[in-house]
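> Sequence below, structure please.
(one chain, ligands or ions: 1)
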Amino acid sequence: MYRTHTNGELRIEDIGKVVTLCGWVQAKRDLGGMYFIDLRDRYGITQLAMGDFDFSIGREYVIQVTGKVVERVSKNKNIPTGDIEVVVENQVIDKDNHVSSLTILNKSKTPPFTIENETDGGEELRMQYRYLDLRRNPLRNNIELRHRLSIEVRKYLDSINFLEIETPYLIKSTPEGARDFVVPSRMNPGQFYALPQSPQTFKQLLMVSGYDRYYQIVRCFRDEDLRADRQPEFTQIDCEMAFVTQEDILQTFEALMVHLFQVTKGIDFDSFPRMSYADAMLNYGCDKPDIRFNMQFNYITELVKGKGFAIFDDAESIIAINAENCASYTRKQLDELTDFVKRPQVGAKGLIYLRCNEDGTYKSSVDKFYTEDELKKWATRCNAKAGDLILVLSGETATTQAQLSALRLHLGNQLALRNPDIYAPLWVYDFPLLEWNEESGRFHAMHHPFTSPKTEDLTLLDSNPGNVRANAYDLVLNGTEIGGGSIRIHDRAVQSRMFDLLGFTKEEAQAQFGFLLNAFEYGAPPHGGIALGFDRLCALFGGQETIRDFIAFPKNNSGRDVMIDAPATIDKKQLDELNIKVTL
Ligand code: ASP
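Numbers count the residues shown, from 1 in each chain. Here you go, the predicted model:
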């Protein structure tokens with residue numbers, strides 16, 4: 001037997017026991033002939049005390065020790081095993097004449113960074129030696145949280161009759177959505193599989209097959225240009241249900257989330273607030289508002305136009321937010337906010353402010369166009385009190401909303417209003433069915449082509465497709481979209497009409513999605529579903545921003561695995577077998 005206990009296990013009750021432990025040497029202290037070793041494994045750290053041994057043990061050596069558990073003289077209240085230590089002596093200590101001992105199971109080079117909670121290793125180095133980084137507590141906690149969440153998801157969904165069904169990874173490329181990762185087929189020269197961006201069509205087919213509650217914790221692949229904190233392969237909790245309305249789906253998955261909050265964080269939620277997409281855009285300028293803080297938009301367009309200030313006079317919309325208690329912002333702080341909105345990523349031309357001074361006076365950057373009384377009206381519209389600061393952007397409505405949303409979040413961070421220990425879930429519903437794409441000059445599906453239009457908007461499909469709302473919803477947590485789904489089209493004619501709208505010819509639709517259109521002719525039940533981003537969910541439950549630290553072996557920001565050095569070239573023989581010529 002390699003070990004009798006783990007390093008997180010021994011307590012004061014174990015005093016006197018002879019135990020065998022295995023683990024990694026976290027630290028070694030030499031106190032004049034007496035050595036102390038902190039022995040680490042997944043479960044914790046146990047202190048070993050020993051006389052001088054005749055070999056040198058370095059950090060991260062893997063050792064096995066046998067010794068007696070004794071009470072520590074100076075206890076360490078910070079670790080669960082801190083009341084005891086294991087004394088390892090070179091003497092006969094049990095009835096079988098077993099000699100207590102220390103065995104080096106394997107040596108270790110000096111690790112390239114310290115394996116501590118706070119490490120001195122840079123991101124790239126830690127990625128290269130991910131197996132060492134994973135030994136650190138913060139990562140181990142994350143991986144354990146991920147495990148806990150996945151177990152709870154499975155337990156919960158199983159308890160309400162969901163079946164976990166696997167769907168294929170080698171499928172067919174489709175032109176909709178993001179770019180596919182493709183896999184050449186050796187047995188079918190010139191042909192390619194694609195890795196699924198999601199199991200969308202398969203889960204719908206499972207509904208046609210009668211498996212009316214499906215889920216899968218499943219890897220998805222999207223070959224997108226890498227934005228911060230996106231992974232080319234990521235994991236979804238993918239779900240689909242038959243014979244349900246949107247309300248059934250929201251309630252089912254809200255209950256799942258409530259359960260997860262309860263069991264993993266001890267937080268109780270009654271019900272999640274809901275907001276229509278239109279309201280989210282109007283009041284927060286984005287479809288995933290962070291409602292941990294208020295700072296909603298105030299439209300002051302008609303209040304401020306026509307006073308000779310050309311920028312406002314020429315603008316379609318003039319929108320203000322109230323930064324409470326910020327009237328004392330210095331010139332420098334205001335300049336910083338202006339610089340923020342002028343960054344190319346935000347793209348505003350400038351920022352107008354109005355200080356509601358403590359003494360009841362008003363000071364704005366456009367004083368010469370507005371009287372004190374007029375400025376007061378802005379303040380009243382924004383519910384601002386003495387001591388508040390109003391910030392105003394103007395221009396084309398949608399653009400201004402997006403810019404002000406960025407400023408709102410920036411201020412939320414600056415004013416510490418986005419506390420990661422507070423959780424503010426929100427359903428956003430009634431998304432538009434389609435969005436116009438300037439580049440391709442056609443409509444694209446806002447969610448995906450299988451999303452059903454709202455029945456009451458069906459008549460708009462021909463006259464004003466851009467205004468058709470969909471039975472589509474997102475689950476938002478702290479300003480991050482953690483899931484989205486929709487009620488699907490289950491009628492062949494409607495699905496064909498949708499493909500028309502998206503610019504597919506009949507032949508293209510049949511070639512790409514014929515299998516689904518055909519299936520709809522064999523008794524497709526009404527159905528709908530949702531997918532939750534599992535990596536992001538783990539990060540949010542862990543109170544952190546980056547999903548990378550919740551994935552055991554992630555890719556870096558350029559989509560590379562720097563540990564195994566992938567992607568990589570393949571040899572000529574493999575290429576020939578696949579009939580692929582590389583012309584770089
Ligand atoms: N398949 C969709 C996605 O990956 C989710 C859904 O509609 O269920 O976003």
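> Next, count neighbours for Phe234.
For Phe234, the count of nearby residues is 19 (other C-beta atoms under 10 Å). C-beta here means a position set from N, CA and C on the backbone, and glycine is covered the same way.
> so who does it touch?
For Phe234, the contacting residues are 219-220, 222, 533-535, 547, taking C-beta atoms under 8 Å, 6 or more residues apart in numbering as the criterion.
> Tyr277 too?
Tyr277 makes contact with 287, 428-432, 469, according to C-beta under 8 Å, 6+ apart.
> Any chance of CSV for those residues, columns pLDDT, distance to the ligand and secondary structure?
CSV is the format used below for those (pLDDT from 0 to 100; distance: C-beta to the nearest ligand atom, whole Å; DSSP: H, G, I helix; E, B strand; the rest coil):
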residue, pLDDT, distance to the ligand, secondary structure
Asp287, 98, 14, coil
Val428, 98, 14, strand
Tyr429, 98, 13, strand
Asp430, 97, 15, coil
Phe431, 98, 11, coil
Pro432, 97, 15, strand
Arg469, 97, 16, strand
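> Just list what the top helix by length along the chain packs against, helices and strands only.
Secondary structure assigned by DSSP state H gives helix 137-159 as the longest helix of the chain. Contacts defined by 3 or more C-beta pairs under 8 Å, 6 or more residues apart in numbering; DSSP states H and E place helix 137-159 against strand 163-164, strand 213-221, helix 246-260, helix 534-541.
> Next, the buried residues of that helix.
Of the residues in helix 137-159, those with enough neighbours to count as buried (16 or more other C-beta atoms under 10 Å) are 139, 142-143, 145-146, 149-150, 152-153, 156-157.
> Stretch 278-290 now?
Neighbour-count burial for stretch 278-290 flags 280-290 (criterion: 16+ other C-beta under 10 Å).
> Same check on stretch 566-582?
Within stretch 566-582, the residues scored as buried using 16+ other C-beta under 10 Å are Leu578.
> Also near the ligand: which of the buried residues of helix 137-159, exactly?
Cross-checking the buried residues of helix 137-159 against the ligand (C-beta under 6 Å from any ligand atom) gives no overlapping residues.
> May I see those residues organised as JSON lines, with pLDDT and distance to Glu396 added?
Output for the buried residues of helix 137-159, formatted as JSON lines (pLDDT from 0 to 100; distance: C-beta to C-beta, whole Å):
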{"residue": "Leu139", "pLDDT": "97", "distance to Glu396": "45"}
{"residue": "Asn142", "pLDDT": "98", "distance to Glu396": "42"}
{"residue": "Ile143", "pLDDT": "98", "distance to Glu396": "46"}
{"residue": "Leu145", "pLDDT": "97", "distance to Glu396": "43"}
{"residue": "Arg146", "pLDDT": "98", "distance to Glu396": "42"}
{"residue": "Leu149", "pLDDT": "98", "distance to Glu396": "42"}
{"residue": "Ser150", "pLDDT": "98", "distance to Glu396": "44"}
{"residue": "Glu152", "pLDDT": "98", "distance to Glu396": "45"}
{"residue": "Val153", "pLDDT": "98", "distance to Glu396": "42"}
{"residue": "Tyr156", "pLDDT": "98", "distance to Glu396": "45"}
{"residue": "Leu157", "pLDDT": "98", "distance to Glu396": "44"}
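> Mind telling me the two of those farthest from one another?
Farthest apart among the buried residues of helix 137-159 by C-beta to C-beta are Leu139 and Leu157. That separation is 27.1 Å.
> mind checking which of the helices and strands packed on helix 137-159 is nearest Arg29?
Smallest distance to Arg29 across the helices and strands packed on helix 137-159 (C-beta to C-beta): 35.9 Å, for helix 534-541.
> what's the next secondary structure element after the closest one?
The first helix or strand that comes after helix 534-541 along the chain, using DSSP states H and E, is helix 572-577.
> could you dump that following helix to CSV, C-alpha only?
Included here for helix 572-577 are C-alpha records, laid out as CSV according to Å, rounded to 0.1, in the frame of the first residue of the first chain:
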residue,chain,number,x,y,z
LYS,A,572,4.2,14.7,-45.9
LYS,A,573,3.0,11.1,-45.7
GLN,A,574,0.0,12.1,-43.7
LEU,A,575,-0.7,15.0,-46.1
ASP,A,576,-0.5,12.7,-49.1
GLU,A,577,-2.9,10.2,-47.5
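> Can you name every helix or strand that it contacts?
Other helices and strands packing on helix 572-577, by 3+ C-beta pairs under 8 Å, 6+ apart, are absent; none qualifies.
> who's in contact with it?
By C-beta under 8 Å, 6+ apart, helix 572-577 touches 186, 581-582.
> Quick one: mean pLDDT for stretch 50-67?
Per-residue pLDDT values across stretch 50-67 average out to 86.
> Now do the buried residues in that stretch.
By 16+ other C-beta under 10 Å, the buried positions in stretch 50-67 come out as 50, 57, 59-67.
> Now the residue of the stretch 151-300 of the chain found nearest the ligand: closest residue in space that isn't a chain neighbour?
Closest residue of the stretch 151-300 of the chain to the ligand, C-beta to the nearest ligand atom: Ser198 (3.4 Å). Beyond its immediate neighbours in the sequence, the residue positioned closest to Ser198 (C-beta to C-beta, 6 or more residues apart in numbering) is Cys220, lying 5.0 Å away.
> same thing with Leu256?
Tyr156 (5.5 Å).
> my read: that neighbour touches His259, true?
Yes - distance between Tyr156 and His259: 5.0 Å, which falls inside the contact criterion (C-beta atoms under 8 Å).
> Give me the helices and strands touching the strand of greatest length in the chain, please.
Assignment by DSSP state E gives strand 18-30 as the longest strand of the chain. Of the remaining helices and strands, those touching strand 18-30 by 3+ C-beta pairs under 8 Å, 6+ apart are strand 35-41, strand 44-50, strand 62-71.
> residues from the stretch 401-550 of the chain in reach of the ligand?
So the stretch 401-550 of the chain meets the ligand at 484-486, 529-531 (C-beta under 6 Å from any ligand atom).
> May I see the ChimeraX selection of the buried members of those residues?
Only the buried members of those end up in this ChimeraX selection, burial being decided by 16+ other C-beta under 10 Å:
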select :484,485,486,529,530,531
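> which ones among the residues of the stretch 401-550 of the chain next to the ligand are found in strands?
Assigned to strands by DSSP E, the following of these qualify: 484-486, 529-531.
> Would you reformat those residues as TSV and include pLDDT?
Below are these laid out as TSV (pLDDT from 0 to 100):
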residue	pLDDT
Gly484	98
Gly485	98
Ser486	98
Gly529	98
Ile530	98
Ala531	98
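> nearest to Lys377, of those?
Using C-beta to C-beta, Gly484 is the member of these that lies nearest Lys377, at 39.8 Å.
> and the closest residue in space to the closest one that isn't next to it in sequence, what is it in contact with?
Nearest residue to Gly484 in three dimensions, chain neighbours excluded: Asp474, at 4.3 Å (C-beta to C-beta, 6+ apart). Residues in contact with Asp474 (C-beta under 8 Å, 6+ apart) are 287-288, 427-429, 431, 481, 483-484.
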